[in-house]
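Engineer: build the 3D model from these lines:
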Amino acid sequence: MEIRKRQWIPVLVLGLALALALACGGTKETAPEDVTAATEAPAEVPAATEETAATEAPAAPPEDVRNIIVQSSADLKNLTSYRAKIIVESEGQTMESLYEYVLPDRFHQVSDFGEMIGIGDDLYVKSDDTWTKIPGGGTGTALAEAGVAEEDIVEARLEGTEDVDGVPCQKYVYTTEMEGSSLEITAWIGVEDGLPRKIVSKPASGGTVTQTLYDFNADITIEAPVTD
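Structural biologist: Residues are numbered from 1 along each chain as shown. This next block holds a predicted model:
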């Protein structure tokens, strides 16, 4: 899938997941026996549960819906850090990853396929206990530039109010289209803080990327690992 600067972050996540699979020698049937994170992953990752609220959110005009979606994207980029549990489902296969982000351009991923760190345009991939640097192989810079622009939203609607992990959210469904490629996105945006708590992306080409976001502005440090 081609990554475009203004496209919503889940598209970047899918690209990162596919890049990791390729870097580790393709798809694996089972996870390695020991995958160690550079920073400790949370003991319990919040489950992406939803509970429909007793009342639905009031209807909003399309212009306001678009503005809320765009502003939520901008507010996420203005954080110092956050974590995300990400599940990529494609062609009958599923990959689950834990991500840490330090804005604007650093991420750390731990998954069944292994571990990698992105800093700016550089990518670091861990194989066994060895880190390898791939100059220019990262997407940190693209991550810093990612977002959703109002003109890219073909249609958008508010579908009501739901809780995500106990946080009241408004549920928005919208479609983006750029260069003939469409993407359907469902975003649960916090009522109080306007931040996305859950994002589900469905490219027209197939597959699903589900993000559950948490630990906003947490104390997270991501540094380049020592390479051979």
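
Engineer: which residues touch Pro196?
Structural biologist: Ser72, Ser73, Leu76, Ala187, Trp188, Ile189, Gly190, Gln211, Leu213 (CB atoms under 8 Å, 6 or more residues apart in numbering). Yep, even glycine has a C-beta here, placed from its N, CA and C like the rest.

Engineer: neighbour-wise, which of those leads?
Structural biologist: Using other CB atoms under 10 Å as the neighbour test, those are led by Trp188, with 28 neighbours.

Engineer: okay, the helix or strand hosting that one in CSV with CA atoms only?
Structural biologist: Here Trp188, judged by DSSP states H and E, is contained in strand 181-190. What follows is strand 181-190, C-alpha atoms only, in CSV (Å, rounded to 0.1, in the frame of the first residue of the first chain):
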residue,chain,number,x,y,z
SER,A,181,-7.5,5.0,-3.7
SER,A,182,-10.3,5.0,-1.0
LEU,A,183,-10.1,4.3,2.7
GLU,A,184,-13.0,3.8,5.1
ILE,A,185,-12.2,4.9,8.7
THR,A,186,-14.2,4.6,11.9
ALA,A,187,-12.8,6.8,14.7
TRP,A,188,-13.9,7.0,18.3
ILE,A,189,-13.0,10.4,19.5
GLY,A,190,-13.0,11.4,23.2
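
Engineer: endpoints of stretch 211-224, how far apart?
Structural biologist: 25 Å (CA to CA, to the nearest Å).

Engineer: circling back to that earlier point, who's in contact with the strand holding Trp188?
Structural biologist: With CB under 8 Å, 6+ apart as the test, strand 181-190 has contacts from 2, 7-8, 10-11, 50, 68-69, 72, 154, 162, 164, 167-177, 195-205.

Engineer: restricted to buried residues, select those residues in PyMOL.
Structural biologist: Selection of the buried residues among the contacts of strand 181-190 in PyMOL, burial being defined by 16 or more other CB atoms under 10 Å:
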select buried, resi 7+8+10+11+68+69+72+162+164+167+168+169+170+171+172+173+174+175+176+195+196+197+198+199+200+201+202+203
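
Engineer: on that earlier part again, now, which of the contacts of Pro196 sits nearest Thr227?
Structural biologist: Nearest to Thr227 out of the contacts of Pro196 is Gln211 (CB to CB; 29.0 Å).

Engineer: strand partners of the strand holding Trp188, parallel vs antiparallel please.
Structural biologist: Take DSSP bridges as the rule and strand 181-190 pairs in its sheet with strand 167-178 (antiparallel), strand 196-203 (antiparallel).

Engineer: what about that strand, distance to the chain center?
Structural biologist: 11 Å (CA atoms, centre = their mean, to the nearest Å).

Engineer: which sections of the protein are below the confidence cut-off?
Structural biologist: Scanning the chain with the threshold set as pLDDT under 70 gives 1-62, 138, 141, 143-145.

Engineer: what segments of it are helices?
Structural biologist: Listed in chain order, the helices of the chain (DSSP state H) span residues 9-23, 62-77, 140-145.

Engineer: by how many degrees do the strand holding Trp188 and helix 62-77 diverge?
Structural biologist: 80 degrees (axes from the mean of the first three to the mean of the last three CA atoms, to 10 degrees).

Engineer: distance between the ends of stretch 207-226?
Structural biologist: End-to-end distance (CA to CA), stretch 207-226: 35 Å.

Engineer: hang on, I meant stretch 120-139
Structural biologist: Stretch 120-139 has its terminal residues 7 Å apart, counting by CA to CA.

Engineer: buried stuff in it?
Structural biologist: Within stretch 120-139, the residues scored as buried using 16+ other CB under 10 Å are Gly120, Asp122, Leu123, Tyr124, Val125, Lys126, Trp131, Lys133, Ile134, Gly137, Gly138, Thr139.
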